[in-house]
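Colleague: My questions concern the predicted model and sequence given below.
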Amino acid sequence: MVLVCTSIYAQKPVDTKAVKKDTTVYKTPYGLRLGIDISKPIKAVFDDTFKGFEIVGDYRLTKTFYLAAEIGYEEETTQEDFTNSISKGNYIRIGGNFNLYKNWLDMTNEIFFGFRYGLSIFDQTLNSYELNVGNTYFPSTTITSSQTVSGLNAHWTELMLGIKVETLPNLYLSASMSYKIMISLKEPDNFKTLFAPGFNRIFLNNAGFGFNYTISYTIPFNKK
């Protein structure tokens, strides 16, 4: 006698309506972020030819775009082979940042590309200059009479690349570098402007570079 046992297993149909979907939505803050450039007071401690401060801010409009601006004051003493001069004044830079970094969940870190238009209004003082006619028989002469020209201005554009990291809730550390191109520069009639506040050192090709290290805090108005 042969016994044959057959077992039949029936799978219960899955009720797709009973499967719960993950409806958790991670929202990120939208608001005004304000801070300071900490590199300028640090530079002033170690370099007695420089003074300056800068306030930075941005406002988040979309998931990836921020309106941004910086406003500050700088004073720089420049010593060249034949001149010693001081440039000092105020500046503002306005533009925007695009966040290129895709965050996980509710993170708000940034790797950003930015652009700025800059305007600086400043004074320049020629402290001393040396007549470049020196030789064995006629030594050069240093003229120390101070000459100040006010109401100078500079206009420029710049491209930026930087990173922002949220170290504590709503508190950010940032580092960025920028390449600047001078659009127009009003200079004194009798000597060249070597430094413009907000632009930094002016090279012969009317280009310049900048570096910023900031600490800032976001004031969240809402979350999206």
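Modeller: Great, that's in hand.
Colleague: after the helix or strand that contains residue 177 comes which helix or strand?
Modeller: Using DSSP states H and E, residue 177 maps to strand 171-185. Using DSSP H and E, the helix or strand that follows strand 171-185 in sequence is strand 195-196.
Colleague: Show me what that following strand is packed against.
Modeller: For strand 195-196, the packing partners by 3 or more Cβ pairs under 8 Å, 6 or more residues apart in numbering; DSSP states H and E come out as strand 83-99. (C-beta placed from N, C-alpha, C; glycine too.)
Colleague: Just give me the neighbour total for the closest residue to residue 184 other than its chain neighbours.
Modeller: Among residues not flanking residue 184 along the chain, residue 155 sits closest, at 4.8 Å (Cβ to Cβ, 6 or more residues apart in numbering). For residue 155, the number of neighbouring residues by other Cβ atoms under 10 Å comes to 15.
Colleague: In contact with residue 155, which residues?
Modeller: Contact analysis of residue 155 by Cβ atoms under 8 Å, 6 or more residues apart in numbering lists 117-119, 182-185.
Colleague: Just put those in TSV and tack on neighbour count and distance to residue 95.
Modeller: TSV is the format used below for those (neighbours: other Cβ atoms under 10 Å; distance: Cβ to Cβ, whole Å):
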residue	neighbour count	distance to residue 95
117	14	6
118	26	9
119	16	12
182	19	16
183	13	14
184	9	18
185	17	20
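Colleague: So residue 220: helix, strand or coil?
Modeller: strand (DSSP: H, G, I helix; E, B strand; the rest coil).
Colleague: Identify the bridge partners of the residue lying closest to it once chain neighbours are set aside.
Modeller: Distances taken as Cβ to Cβ, 6+ apart place residue 29 nearest to residue 220, at 3.5 Å, with adjacent residues excluded. On the basis of DSSP bridges, residue 29 is bridged to residue 223.
Colleague: in this protein, which helix or strand is least confident?
Modeller: Every helix and strand of the chain was ranked by mean pLDDT, DSSP states H and E. The lowest is strand 142-143, at a mean of 60.
Colleague: what does the average pLDDT come to for whichever helix or strand comes after it?
Modeller: Downstream of strand 142-143, the next assigned helix or strand under DSSP H and E is strand 147-168. For strand 147-168, the mean per-residue pLDDT is 95.
Colleague: Using CSV, write out every CA atom in strand 147-168.
Modeller: Taking Å, rounded to 0.1, in the frame of the first residue of the first chain, the C-alpha atoms of strand 147-168 are listed here in CSV:
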residue,chain,number,x,y,z
GLN,A,147,47.8,113.9,0.7
THR,A,148,44.2,112.6,1.1
VAL,A,149,41.6,112.2,-1.7
SER,A,150,38.0,111.4,-0.7
GLY,A,151,35.0,110.2,-2.6
LEU,A,152,36.7,107.5,-4.5
ASN,A,153,34.7,104.5,-5.6
ALA,A,154,35.0,101.0,-7.2
HIS,A,155,32.5,98.8,-8.9
TRP,A,156,33.2,95.1,-9.6
THR,A,157,31.7,91.6,-10.1
GLU,A,158,32.8,88.4,-8.5
LEU,A,159,32.3,84.7,-8.6
MET,A,160,32.3,82.6,-5.5
LEU,A,161,32.7,79.0,-4.5
GLY,A,162,32.2,77.9,-0.9
ILE,A,163,30.9,75.5,1.7
LYS,A,164,28.6,75.9,4.7
VAL,A,165,28.3,73.3,7.5
GLU,A,166,25.6,73.3,10.3
THR,A,167,27.7,72.6,13.4
LEU,A,168,24.8,73.1,15.9
